[in-house]
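Asker: this one's sequence-less:
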């Protein structure tokens, strides 16, 4: 039979090109939509000629919507890529920062940082990073030395750590002064509205993490064949795993500080993309970054346009979509 | 020249000693089969030869150079390993899996070029899986999957190939097919083959030399006719084993006897 192998580069360009267009469309729609409906033409005009036209509309666009949509994009990319990395390292399609308790650990760190009155940058994010590393240690250390780093017991351990983090968060909230409670609760449910335009540059910190993860895409492929096979193919499995865990925990804890706990993005996006393009991480990493951003912008759009009193936290939307999918995956993997 | 050599090697996991004072030299182009009871340290020895585990005491040399002086990628260009099991939680296609054999020669950022794809095709043709290129690994039969995994190892263009029980759980036709592939690899490309196996008869038919491990040490190493004697086998395996000559060329043939193993004798 005549054998034709598909070269990777054209597929990569086609996929990222397509998803970039989708991402840009979602970003624009996010900017153009508000409580007064969707006005693409006016938004486009304001973006092309800032400083002209309606000043109120310009203020809303640049002061409120732009930070919000940018945060949604960055958080979506981070959480999707984070899910992808954990799934590859644990060789389990159900692994995700939120489910494993990494996000919860970051939240504990962040709350403690806030209650201690640390600066919003870099104080609170560093406290969150410390929290995420601590939970990561709690999950991973009992597993080291055992053969099955990829086993279900790891996921089970993560679920327990997550539950524990939830209890600690509730304890902290119960102990804190009442004026802070409402604020913390809303943030915890996934709140994209807190970022100010001045806070936007902080988000750029995640970009080097994205680059590291993309560069380690092929080693991640090899790790899917097992640690020993990866090693025999020239990968320093331990170093790659460590760098990936650090980069992922760092960017996830930064995002948790900005917008609280948003679950299931890291589950939904990599899963759907894997169905579309297969398990090659050189395609999945850029696709998850763009797809995750677009997905969370859309979820936020949904949260903003569903008529409720005030805003719906976006974490509720992602959980309503993601939790049933998680159950479906679990059900299918058991078959 | 020796492809691989170990001298006075001892390996411990914690307090448990897995291998004691093992010495072995494998010449280039040899077909060596490591045999021995469960838990005798066969897989550990194979992993030490592959550089996956460092021995507690003793040295390993690869082409007369200490194994420890090779970088991971240098090692991967000389030596390929076919593991006993490979996880398939996120199954790749056959061609994707085989192409991964090119990783040691590619940098972190470069993609596989036409030369790498040609090598992968050659490897798939060699193990007769070219027609399965687009199939996912988890959709193949055991024999097809083993040939795909071996193609991945061959795609590394190694000078030594290490296999951990490659014929386990395969039917006789597939067992012979895998063994013939290894024999062909050695004959046509001069690759040194080192294999762990529980099948004493296949070992006798294909191995130039057998290494019998028992109780974590080398019991005997030599041509099949010298290693596969009933005195030695019965002592090491703890059961009655009849040894006669195979109708094929007179290599030893081993036949176990129902009901005659150590446990049976103790409970009788």
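Answerer: Thanks, I have it. All values derive from a computational prediction rather than experimental measurement.

Asker: Span of stretch B:34-50 from start to end?
Answerer: Here the two ends of stretch B:34-50 are set 14 Å apart, with distance taken as CA to CA, to the nearest Å.

Asker: If we go by neighbour counts, what in that stretch is buried?
Answerer: Burial within stretch B:34-50, assessed by neighbour count using 16 or more other CB atoms under 10 Å in any protein chain shown, is assigned to B:34-37, B:40-50. For every residue, glycine as well, the C-beta is placed using N, CA and C.

Asker: One more: stretch A:293-306?
Answerer: For stretch A:293-306, burial by neighbour count (16+ other CB under 10 Å) applies to A:293-304.

Asker: What mean pLDDT does that stretch get?
Answerer: The average pLDDT within stretch A:293-306 is 92.

Asker: And the contacts of it?
Answerer: If you take CB atoms under 8 Å, 6 or more residues apart in numbering or on different chains as the criterion, stretch A:293-306 is touched by A:19, A:22-23, A:26-27, A:29-30, A:33-35, A:68-69, A:72-77, A:79-80, A:192, A:262, A:265, A:268-269, A:311-314, A:316-318, A:321.

Asker: List only buried entries from those.
Answerer: Buried subset of the contacts of stretch A:293-306 (neighbour count, 16+ other CB under 10 Å): A:19, A:22-23, A:26-27, A:29-30, A:33-34, A:68-69, A:72-77, A:79-80, A:192, A:262, A:265, A:268-269, A:311-314, A:316-318, A:321.

Asker: Quick check, residue B:197 in contact with residue B:165.
Answerer: Yes: between residue B:197 and residue B:165 a contact is recorded at 6.1 Å, counting by CB atoms under 8 Å.

Asker: Which of these two has more residues huddled nearby?
Answerer: Each of residue B:197 and residue B:165 has its neighbours counted (other CB atoms under 10 Å in any protein chain shown); residue B:197 has more, 24 against 19.

Asker: list the contacts for the more buried one?
Answerer: B:33-35, B:165-167, B:203.

Asker: Then residue B:136?
Answerer: B:91-94.

Asker: filter the contacts of stretch A:293-306 down to the ones close to chain B.
Answerer: Among these, not one lies near chain B by CB under 8 Å from any CB of the partner chain.

Asker: can I assume residue A:10 sits in a strand?
Answerer: No: Residue A:10 is assigned helix when assessed by DSSP: H, G, I helix; E, B strand; the rest coil, not a strand.

Asker: low-confidence ranges in the chain?
Answerer: Looking at chain A here, since you left the chain open. A:1-6, A:53, A:121, A:142-152, A:178, A:307-308, A:333-335 (pLDDT under 70).

Asker: other chain: chain B
Answerer: Looking at chain B by pLDDT under 70, you get B:262-268.

Asker: how about a cut-off of 80?
Answerer: Counting by pLDDT under 80, chain B has low-confidence residues at B:107-110, B:260-268.

Asker: what about the strands in it?
Answerer: B:2-13, B:16-27, B:31-35, B:57-62, B:65-66, B:79-82, B:160-164, B:192-196, B:209-214, B:217-222, B:239-245, B:252-261 (DSSP state E).

Asker: how about CSV for these, with distance to chain A added?
Answerer: Shown next, in CSV, are the strands of chain B (distance: least, CB to the nearest CB, whole Å):
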stretch, distance to chain A
strand B:2-13, 10
strand B:16-27, 13
strand B:31-35, 17
strand B:57-62, 13
strand B:65-66, 17
strand B:79-82, 4
strand B:160-164, 9
strand B:192-196, 13
strand B:209-214, 20
strand B:217-222, 24
strand B:239-245, 29
strand B:252-261, 28
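
Asker: Just list the residues touching the residue nearest the centre of chain A, thanks.
Answerer: Residue closest to the average C-alpha location in chain A (CA atoms, centre = their mean): residue A:79, at 1.2 Å. Neighbouring residues of residue A:79 by CB under 8 Å, 6+ apart: A:97-98, A:252, A:255, A:262, A:265-266, A:269, A:292, A:296.
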